[in-house]
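> need the 3D shape of this:
(one chain, ligands or ions: 1)
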Amino acid sequence: MYLIMGTIRTTGIQVDLRQAEKIRKYLSENNILRTDLKISKDASSIYFPVKEISKELDSYTTIEREFEKRETKPKSYKEIVAIPDNLRHELPTSYNIIGNIILVKLPESLLKYQKEVGESLLKTNKNIKTVCLTQPVSGEFRIRDIKVIAGENRTKTTHKEYGLTFNVDVKKTYFSPTLATERKRVATLVKQDETIVDMFAGVAPFSIMIAKYANPKIVYAIDKNEYAVKFAKQNIKNNNVLDKIEVIHADAKEIYRILNQKNAKVDRVIMNLPFSAHSFFTNALGIIGNNGVIHYYDIRKEEKIHERINKLKKTAKESRATLKNLNVRKIKTYAPREFYIGLDITVRKNTPM
Ligand SMILES: C[S@@+](CC[C@H](N)C(=O)[O-])C[C@H]1O[C@@H](n2cnc3c(N)ncnc32)[C@H](O)[C@@H]1O
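Numbers count the residues shown, from 1 in each chain. Next up is the predicted model:
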């Protein structure tokens, strides 16, 4: 942790050791004691650094003395990072913490100072062991281009949320700590003995939250990324929900065929693949039962949200289904006027004439 060491020569009062506690209390309650300096003592006296000598203190011996500075913890890494002052306003205010790893995005202008930023984040966050410079998630597997800039050279960690533990490799698998509340919310909606499909399960945080906090019959956790599948299996074992989740390493486009073999009747589908979930909507409609619920996630510009909903409705119509409850929840801001949205869509299957 960062320390400011040294001494300051300043005013204090000398008090007999036997009166020490009484006077300390008085000085502290009246906001006279300097809290940035350490109280000192010798065999017979104690020395309090004070802000002023008020009338009430007249009866005590006033002294000038060296007082040791207290260790102070900076509130933010911004206070200690060694960069030119004209760039300070560009320092990011937020960053992601996954387990004991910080993932920080930097603007072009600060890339030259990535090491300084990394070191200061490490010093000001006591449980952090590694700081990584990251690009936004991208590509089919929604993974990040990552570089360790401070601390231990590793990208694997264990993240905890709501008493669950998730092993993650932040370089090879997607994971977002900011969706914890959303996962918990979905788990509270699950009814006894439901069959659930987590179509883009990643390291299985939705599946595990549901298996742990609800009582489903089974959750099928599907992912195409072999690393996500490997971590999902570990996480399911570590959270003791082996009997509730089946991990499937496959393309979600294959879901109908896979579930057909299992004779599964699906009550709920989770589609957490922003930007692309819409192109799998027909697949989700193909497996869901009448009155089933699809938790659909996307990232959209404000003005493009309704266009997407209309597209989903059209897809449903083509699949002889009607969609209910198309209320949009803005879960978080992704970029200016661009949101991570969630919909809990109820699907009515139109029976053939
Ligand atoms: C945004 S992540 C969501 C992961 C997880 N649901 C979570 O909340 O952490 C999307 C996941 O979908 C997986 N994925 C992408 N395309 C897929 C496909 N065609 N079939 C199955 N999984 C796919 C990616 O590998 C990634 O793990």
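> rest of the way, CA atoms for contacts and neighbours
Will do.
> give me the number of neighbouring residues for residue 32.
17 (other Cα atoms under 10 Å).
> can stretch 293-309 be found next to the ligand?
No - Stretch 293-309 lies apart from the ligand when judged by Cα under 6 Å from any ligand atom; the minimum separation is 9.0 Å.
> do the same with stretch 249-262
Yes - Stretch 249-262 reaches the ligand (Cα under 6 Å from any ligand atom) through 250, 251, 252.
> and stretch 342-353, how far from the chain's centre?
What separates the centre of stretch 342-353 from the centre of its chain is 33 Å, taken as Cα atoms, centre = their mean, to the nearest Å.
> pull up the residues of the stretch 101-250 of the chain that are close to the ligand.
140-142, 174-176, 200-202, 204-205, 222-225, 228, 250.
> so which of those are in strands?
Here DSSP state E is the test, and those give 222, 223 as lying in strands.
> just the buried ones among the residues of the stretch 101-250 of the chain next to the ligand, please.
Buried residues within those, counting neighbours by 16 or more other Cα atoms under 10 Å: 141-142, 174-175, 200-202, 204-205, 222-225, 228, 250.
> which ones are touching the residue most central in space within the chain?
Centroid-nearest residue in the chain, with Cα atoms, centre = their mean: residue 177, separated by 2.9 Å. Residue 177 sits next to 96, 97, 98 when contact means Cα atoms under 8 Å, 6 or more residues apart in numbering.
> retrieve the pLDDT associated with the nearest residue to the second one once chain neighbours are set aside.
Counting by Cα to Cα, 6 or more residues apart in numbering, the nearest residue to residue 97 once its immediate chain neighbours are dropped is residue 103, at 6.3 Å. Residue-level confidence at residue 103 comes out at 97, pLDDT.
> before we move on, back to that, from the contacts of residue 177, which single one is nearest residue 304?
residue 96 (26.8 Å; Cα to Cα).
> list the beta-bridge partners for that closest one.
Judged by DSSP bridges, the bridge partners of residue 96 are residue 103.
> now that it has come up, it's in contact with residue 128, right?
No - counting by Cα atoms under 8 Å, residue 96 does not reach residue 128; the two are 11.5 Å apart.
> any shared contact partners between these two?
Looking at what touches both residue 96 and residue 128 (by Cα under 8 Å, 6+ apart), the common residues are residue 102.
> show me the shaky parts of the protein.
1-5, 352-353 (pLDDT under 70).
> which residues touch stretch 48-56?
10-15, 24, 27, 32-34, 37-40, 62, 67.
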